[in-house]
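>>> Below: sequence and its predicted model.
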Amino acid sequence: MTMAWFEAKDLRKNYGIGGALIAALDGFSLSAERGDFVSIVGRSGSGKTTFLRIVAGLTETTSGELSFGSGTGAAKIGMVFQEPRLMPWLTVEQNILFPFLRGPRASMPIERSARFLGSLGLLPYRNAYPAQLSGGMAQRAALGRALCYEPEIILMDEPLGSLDYFTRRSLQDEILRLHMAENLTIFFVTHDVEEAIKLSRRVVVIDEGRKIGDIPIDLDFPRKQSDPGFARKLDEILSLIVR
Ligand SMILES: Nc1ncnc2c1ncn2[C@@H]1O[C@H](COP(=O)(O)OP(=O)(O)OP(=O)(O)O)[C@@H](O)[C@H]1O
Ligand SMILES: [Mg+2]
């Protein structure tokens, strides 16, 4: 049997909370190919962030296996959190170049960062400090930082959750554009099932640390909520979550 580019097999993560044992992940498996866009939806506390943190190497598993097609070494992973987490003492441009700041100046991807500054509408703010930005601009800078690093896989944990409707819509389009243009592999956690259907190739539904659905979204782009195919996918996913 051939392996998928990314495989997470039978992941378990137990936490002890006040004497009780909580299974944040309870045999969760997920495989993905290079260039996949997988959204992960589920109720609060179902294990979504735990899964992303394990993939990013920020949390150890209790058991289970994780492999990347890039080999046994650590894959290059970018992560975007719900809040921007920029360094307040660095400018927008320096934040985007943050993973490279300790290296030699010659190896800094100045041109690539300028490209993302442009596509994310941040060129006029390249020398601004995070405190001088709106929430949406700061989140765009965080996205630019993750993208400029050229990760093999980018993990997004509710990246648009704190943004207003208009910024959210334009960043959805931007993420989709970058996914297609750069063949980026994306794992995207969201509470917004419509957003998941609008953007991704697959929607994985997680409940109490277990996968209860893995639904391909084979609709043409741009996807509209008013399309019957869209509504059918929404019903299919909601019927799994809403009990
Ligand atoms: N560091 C931790 N210590 C103890 N328990 C934790 C820790 N992190 C998560 N948990 C527990 O693991 C379970 C899953 O949490 P997780 O953060 O993965 O959920 P989530 O699906 O991301 O929820 P949300 O949608 O609210 O962000 C919860 O029961 C939570 O209490
Ligand atoms: Mg979470």
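Thanks, I have the structure now. Numbering: from 1, shown residues only. Ligands and ions are numbered 1, 2, ... in the order given.

>>> rest of the way, CA atoms for contacts and neighbours
Fine.

>>> how would you label residue 102: helix, strand or coil?
coil (DSSP: H, G, I helix; E, B strand; the rest coil).

>>> what are the ranges of the strands in this structure?
Assignment of strands within the chain using DSSP state E yields the ranges 6-17, 20-32, 37-41, 63-68, 77-80, 153-157, 185-189, 202-207, 210-216.

>>> Check which helices and strands the longest helix along the chain is in contact with.
Using DSSP state H to define each element, the chain has its longest helix at helix 165-182. In terms of contact count using 3 or more C-alpha pairs under 8 Å, 6 or more residues apart in numbering; DSSP states H and E, helix 165-182 is assigned the packing partners helix 193-199.

>>> Which positions in this structure make contact with ligand 1?
Within the chain, the positions near ligand 1 by C-alpha under 6 Å from any ligand atom are 15, 17, 24, 43, 44, 45, 46, 47, 48, 49, 50.

>>> Quick check: the farthest pair among the residues you listed?
17 and 43 (19.4 Å; C-alpha to C-alpha).

>>> Can you pick out the residue with more neighbours from these two?
residue 43 (15 against 8; other C-alpha atoms under 10 Å).

>>> For residue 63, see how far away that one is.
23 Å (C-alpha to C-alpha, to the nearest Å).

>>> again, but for residue 54
Applying C-alpha to C-alpha, the value for residue 54 to residue 63 is 11 Å.

>>> For these two, list the residues in contact with both.
Counting by C-alpha atoms under 8 Å, 6 or more residues apart in numbering, residue 54 and residue 63 have no contacts in common.

>>> Quick check, central residue of the protein?
residue 156 (2.0 Å; C-alpha atoms, centre = their mean).

>>> so that residue bridges to which residues?
residue 80, residue 188 (DSSP bridges).

>>> could you list every residue that touches it?
79, 80, 81, 82, 186, 187, 188, 189 are the contacts of residue 156 under C-alpha under 8 Å, 6+ apart.

>>> Quick check: the two most widely separated of those?
82 and 186 (15.3 Å).

>>> Could you check which of those two is surrounded by more residues?
residue 186 (25 against 17).

>>> in terms of contact, does the more buried one touch residue 38 like I think?
Yes: counting by C-alpha atoms under 8 Å, residue 38 is a contact partner of residue 186 at 6.2 Å.

>>> separation between the residue nearest to the centre of the chain and residue 25?
18 Å.

>>> Equivalent analysis for residue 146, please.
According to C-alpha to C-alpha, residue 146 stands 26 Å off from residue 25.

>>> Tell me which of these two has more neighbours.
For residue 146 versus residue 25, neighbours defined as other C-alpha under 10 Å are more numerous around residue 25 (27 against 23).

>>> So that one is in contact with residue 51, correct?
Yes: using C-alpha under 8 Å, residue 25 is in contact with residue 51, at 7.4 Å.

>>> quick one: which of the contacts of residue 156 has the most company?
residue 189 (28 neighbours).
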